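Participant: Here is a sequence together with a model predicted from it:
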Amino acid sequence: MKFLVLLLLLIGIAPGVSAQKTYDPGDVEYYAMDKQQMNFDDYQTLLVNYRGFVSPRQYSTTQFTNVHFLPIESEFYNFNLNFHDKGTGRTIMDDVPVMWEKWIDEREAFDPLGSNFRPNSPSIMVTQDEEWRPNSYYRTGTFHKEYDKKWVSFSVKSWTNVAYDDDEVFLKLVLNNRNSKELNMTLEPNQVAENLACQFKEGSTKMKQIDTFTIGSEVASARVSSSIKDTSEKGFEISLAPKETKTYWFAVRFYQTRDTAPKIFQTDIQQRMEAAESVTRKKLAWAYDRLPKLKTGNKQLEEYYYRCMLSVLMSRYENPNYITDVFWAVGTWPYTISWDTSYSSDVIAMLDPESLKQAILTDFENVKMKRTYVSWNGAFWDNLYIQEPFALKIMIEAYLRHTGDYSLFEEKAGGATVWEWMQRWVTELQTNYTNEKGLVDIGYNTEKIIEIRTDGYNHVVPITNTLTIDLLYKMAEWAEVVGDKKSKEYTAEAEKLKKLVDENLWNEKEGWFDNLYPDGSKGTIWTYHLLDLLGADYLPDHQLNRLVGHIQEGVFLGKYGLYSIAPKDTVHWDMIDSDWGGGGQYAGMPGRVSRYLYETGFAGKGWDVLQRNMRYIDYFPYLPQNPRTDRPEQDRSSMPLEISAGAGMEAIIFGTFGIKMNDKNITFKPINNEDIGEAQLKNINYRGRKFGVKLEKKKFSIYEDDILIATKFYGESVMVDQ
């Protein structure tokens, strides 16, 4: 027995104390982050469960806001419970975030810093700890005050999550009466919103109070229900004996006003809340089991990999109101856009290839070469990004890479097959977007490419031309597969355009491709958009080397990854619109550029970009749309979540671990780095077979079903036929 106690002490476990459970990335606990660590404000902090989302509010134990359960939405709706103590007649308020905003922005209401002790100031809950997990927000608070020799002393613990199968938010509340006397309180629902909207429903969205538990507009309503049976005109009535602890459950349901309102007293809220948590856990475990599993001594790299996975998963919607069973949104905006999806298309193909196929077909069905933005219920705006065909090419490549299902080209959507649509895109580029010289000219409108707010990135843009070359080469390959006789024609057109680009756009002095304008003048625009060209395999070595040479400190490299516009471009540098305009980066670009650098033989550069981008995870639980490059900050004008963050995973899988798949074989040519150390990637699925790669200091090993296939030195490769 003494030996056992000594052994336990030596391994760090005290007798009678069980070892602390460790969590893997298939557990929600793995992603837990203290709110004080996060560089997100309330509206950027999301509880998502594949149907909709809300945002819990900091400095409150019960408040949430930012309701999106489409078609119902109310961005500035706020719910909280206030605690009215009957013994003292005091109401302890729990809407401190709203109070604080009014004080800071307008000097109205009260300064929360003076509450609980300044004369005539309100009594408020004192919040303590707050922790975020996927679809779970945990908070603690305390109240401990004496009024006229009467003590009010209780603690609060709360958990908030959102439902998967209904438009409701759940709250679990644990109250502990620390007093030696009975605690009698009314929990008062407080719902505040100027508008409650239901898209495409006619009627006023202006909110009014219907009763203590319900607010509503002519089109949408919200009602608070609880497991507490006793109610009054003020709220829910509770009583706690001295030192007693009790647990209560609440549900806030959003519904169309014409529908039947939920009952105020409900006995099954606990079960529904637990069911919501169960769905979150099952979906996360499902994704973890489907995708390659990374294990490495570099824990920052490992966590980055899985927070990229989480970012993609949080962009997945299974809302029955949406146009597809699985809807891959760009993030928090309820749109599916091929350009954004393309950055994570390999991840989606590994995770759920059928949903990637549906995303491709949804694009053809709705975009129809006119409307890039496809919302949750279809495309509406005549606003087109000319990136569409290039993004679709990447998505189709990913689908074929992981499935080998070339019948995709025969699938119909929007009145034509996938192959016919891709041919139409080529025709569109060669007719409506080609000038008399034979170069692709998108005209004056900058917004047809990306959102750069200064002019000049228009007309003959190098990346549009070079990606068209890449598309033509790929169309030639696909034509051979589908039996189309235009293969040689596509190749010839690619060669012709390539020659024109080299003659007219290549700037030998700068080692860059220039813009060309109608008057014959040229302009050098230092945008990392051009680095997409690194993914095209036709680029000659001297041009490739010159382009990569610009990925250096102070040009494109910044503390957290890349600048979208190099600071030396004093004409186009833009601090506000940072994802493509200057001071920040679009979430998908660091991963995509890193992957391309690895694949073209610049592994050191690829790792440099990746390890900078990894630093964000110290501040963000999931990856935002366009964070600053010099500091971990996401402005409120854009999204706190981006599906394109999956490009970070792809950089590790296809870059660091050097995996290449095609119809005939899978090849492994990994590159290690001393910062990574030993690492292993398992569960790599290739046409029904599972492989693994283990990286050591000087060698790497390849496994199939945990059976060793080969061990090689770095620089060598291992090929396995299908």
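Facilitator: Great, that's in hand.

Participant: Residue 646 belongs to a helix, doesn't it?
Facilitator: Yes. Residue 646: assigned to a helix according to DSSP: H, G, I helix; E, B strand; the rest coil.

Participant: In contact with the residue lying closest to it once chain neighbours are set aside, which residues?
Facilitator: Distances taken as CB to CB, 6 or more residues apart in numbering place residue 344 nearest to residue 646, at 2.8 Å, with adjacent residues excluded. Placement of C-beta: from N, CA and C, glycine included. Applying CB atoms under 8 Å, 6 or more residues apart in numbering, one finds that residue 344 lies in contact with 312, 588, 643, 644, 645, 646, 647, 649, 650.

Participant: can you check residue 192 too?
Facilitator: By CB under 8 Å, 6+ apart, the contact set of residue 192 is 77, 78, 95, 98.

Participant: cool, residue 197 as well?
Facilitator: Contact analysis of residue 197 by CB under 8 Å, 6+ apart lists 72, 73, 74, 205, 217, 219, 220.

Participant: 7 Å - rerun?
Facilitator: Taking CB atoms under 7 Å, 6 or more residues apart in numbering as the contact definition, residue 197 lies against 73, 74, 205, 219, 220.

Participant: next one: residue 140
Facilitator: The contact partners of residue 140, by CB under 7 Å, 6+ apart, come to 128, 129, 156, 157.

Participant: redo that, cut-off 8 Å
Facilitator: By CB under 8 Å, 6+ apart, the contact set of residue 140 is 61, 127, 128, 129, 130, 155, 156, 157, 158.

Participant: In helices only, show me the contacts of residue 192.
Facilitator: The helices in this structure, assigned by DSSP state H, contain residue 98 from those.

Participant: My guess is residue 245 contacts residue 175. True?
Facilitator: Yes. Counting by CB atoms under 8 Å, residue 245 does reach residue 175; the two are 6.9 Å apart.

Participant: Overlap of the contact sets of these two?
Facilitator: With contacts defined as CB under 8 Å, 6+ apart, no residue is shared by residue 245 and residue 175.

Participant: ok, these two, which is more surrounded?
Facilitator: The residue with more neighbours, out of residue 245 and residue 175, is residue 175; 20 against 14, by other CB atoms under 10 Å.

Participant: part of a helix, is that one?
Facilitator: No. For residue 175, which was evaluated using three-state DSSP, the result is strand, with no helix membership.

Participant: How about the contacts made by it?
Facilitator: Taking CB under 8 Å, 6+ apart as the criterion, residue 175 is in contact with 154, 155, 156, 183, 238, 240, 245, 246, 247, 248.

Participant: measure it to residue 336 for me?
Facilitator: 43 Å (CB to CB, to the nearest Å).

Participant: go on, residue 525?
Facilitator: For residue 525, the distance to residue 336 (CB to CB) stands at 29 Å.

Participant: more neighbours, the two?
Facilitator: Higher neighbour count among residue 525 and residue 336: residue 336, with 28 against 23, using other CB under 10 Å.

Participant: Now the more buried one: phi and psi?
Facilitator: Here the main-chain torsion angles of residue 336 (degrees, to the nearest 10) amount to phi -110, psi 130.

Participant: give me the beta-bridge partners of it?
Facilitator: Beta bridges link residue 336 to residue 374, judged by DSSP bridges.

Participant: quick one: contacts for it?
Facilitator: Contact partners of residue 336, counting by CB under 8 Å, 6+ apart, are 327, 328, 329, 330, 359, 362, 363, 374.

Participant: Please report how far the nearest residue to the first one once chain neighbours are set aside lies from residue 328.
Facilitator: Distances taken as CB to CB, 6+ apart put residue 317 closest to residue 327, at 4.3 Å, once the chain neighbours are dropped. Plainly put, residue 317 is 8 Å away from residue 328 if you go by CB to CB.

Participant: Residue 716 now?
Facilitator: If you measure residue 716 against residue 328 using CB to CB, the figure is 37 Å.

Participant: And these two? Which one has more around it.
Facilitator: residue 328 (24 against 12).

Participant: for that one, what are its contacts?
Facilitator: 315, 316, 317, 336, 341, 348, 355, 359, 643.

Participant: what about 7 Å?
Facilitator: The contact partners of residue 328, taken as CB under 7 Å, 6+ apart, are 315, 316, 336, 341, 348, 355, 359, 643.

Participant: Likewise for residue 599?
Facilitator: Counted by CB under 7 Å, 6+ apart, residue 599 has contacts 654, 655.

Participant: same check, this time on residue 171
Facilitator: Residues counted as contacts of residue 171 (CB under 7 Å, 6+ apart) are 62, 158, 160, 250.

Participant: so where's the stretch 151-300 of the chain uncertain?
Facilitator: Along the stretch 151-300 of the chain, the model assigns pLDDT under 70 to no residue.

Participant: how about the helices in it?
Facilitator: 269-290, 299-313 (DSSP state H, counting those that start in this stretch).

Participant: And the contacts of the last one?
Facilitator: Helix 299-313 is contacted from outside by 25, 30-31, 134, 283-284, 287, 291, 294-296, 344, 347, 614, 617, 621-623, 641-643, 645-646, 648-649, 652, 676, using CB under 7 Å, 6+ apart.

Participant: C-alpha coordinates for it, PDB please?
Facilitator: Only the C-alpha atoms of helix 299-313 are listed here, as PDB (Å, rounded to 0.1, in the frame of the first residue of the first chain):
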ATOM      1  CA  LYS A 299       0.500  22.500 -29.100                       C
ATOM      2  CA  GLN A 300      -0.100  25.900 -30.700                       C
ATOM      3  CA  LEU A 301       0.000  24.300 -34.100                       C
ATOM      4  CA  GLU A 302      -2.300  21.500 -32.900                       C
ATOM      5  CA  GLU A 303      -4.800  23.900 -31.400                       C
ATOM      6  CA  TYR A 304      -4.700  26.100 -34.500                       C
ATOM      7  CA  TYR A 305      -5.600  23.100 -36.700                       C
ATOM      8  CA  TYR A 306      -8.600  22.300 -34.600                       C
ATOM      9  CA  ARG A 307      -9.900  25.800 -34.200                       C
ATOM     10  CA  CYS A 308      -9.800  26.100 -38.000                       C
ATOM     11  CA  MET A 309     -11.900  22.900 -38.000                       C
ATOM     12  CA  LEU A 310     -14.300  24.400 -35.500                       C
ATOM     13  CA  SER A 311     -14.600  27.600 -37.600                       C
ATOM     14  CA  VAL A 312     -15.700  25.500 -40.600                       C
ATOM     15  CA  LEU A 313     -18.100  23.500 -38.500                       C
END
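
Participant: No further questions, thank you.
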